[in-house]
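Enquirer: I would like the atomic coordinates for the input below:
(one chain, ligands or ions: 2)
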Amino acid sequence: MEELVIKSLEETKALGLKLGKLAFPNMMIVLEGDLGAGKTTFSQAIALGLDVKEIVNSPTFVIMKTYQGRLPLYHIDAYRLSKSSEDEYLEEYFDQGGVVIIEWGKNIEYLLPKEYLLISIKDLGLEKRKFELIAFGKKYQELLDEVLK
Ligand SMILES: Nc1ncnc2c1ncn2[C@@H]1O[C@H](COP(=O)(O)OP(=O)(O)OP(=O)(O)O)[C@@H](O)[C@H]1O
Ligand SMILES: [Mg+2]
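Expert: Ligands and ions are numbered 1, 2, ... in the order given. Just a heads-up that it's a prediction; the model follows:
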């Protein structure tokens with residue numbers, strides 16, 4: 001587990017951009033954090049790093065939105081989901097060669113593959129955020145090492 005204290009919105013954007021640039025097919029990023037922590041803001045920066053030209057916004061009301069970048073981006077918001085809501089169809093997107101970002105991924109933990117990068121964002125006030133990054137699997141450990149380099 002790695003911990004980062006981010007001091008500004010710009011720093012969050014720079015980190016997301018870097019992660020987006022390092023994206024590989026079937027990469028999965030799971031984002032946790034309270035309302036307004038910065039999950040969507042961070043997702044937007046990843047999308048930019050993926051060369052997505054469209055504006056990425058919160059997919060809350062549609063659960064999943066697809067964007068076209070260097071790789072397709074599948075942006076999922078699991079806020080309203082739970083184990084009982086039968087969302088197995090989402091798994092279909094996990095191995096399509098795109099990049100999957102899941103906000104509130106814990107809500108569909110039962111669907112998550114073994115390997116992914118978990119990022120928990122905590123609002124420390126103003127633009128300050130604490131990022132906790134946990135890599136599940138070797139590939140994600142390498143990604144994390146590269147992102148933090
Ligand atoms: N360092 C920072 N990193 C991320 N967001 C920041 C930062 N500083 C300020 N902000 C602001 O905090 C807000 C974060 O909102 P955002 O929609 O990204 O949160 P969220 O975690 O996706 O919330 P929700 O759970 O409601 O979808 C934005 O208005 C953003 O500009
Ligand atoms: Mg959001």
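
Enquirer: and the residue of the chain found nearest ligand 2, how many residues sit next to it?
Expert: Of the residues in the chain, the one nearest ligand 2 is residue 40, at a distance of 3.3 Å by Cβ to the ion. All C-beta atoms are positioned from the backbone trio N, CA, C, and that covers glycine. Neighbour count for residue 40, taken as other Cβ atoms under 10 Å: 19.

Enquirer: got a list of what it touches?
Expert: By Cβ atoms under 8 Å, 6 or more residues apart in numbering, residue 40 lies in contact with 56-58, 103.

Enquirer: Keep only those residues that also lie close to ligand 2.
Expert: With Cβ under 5 Å from the ion as the criterion, these include residue 58 near ligand 2.

Enquirer: Highest neighbour count among the contacts of residue 40?
Expert: Result: residue 103 is most packed of the contacts of residue 40 (other Cβ under 10 Å), 23 neighbours.

Enquirer: Residue 14 belongs to a helix?
Expert: Yes. Looking at residue 14 with DSSP: H, G, I helix; E, B strand; the rest coil, it is inside a helix.

Enquirer: And the pLDDT at it?
Expert: On pLDDT, residue 14 comes in at 98.
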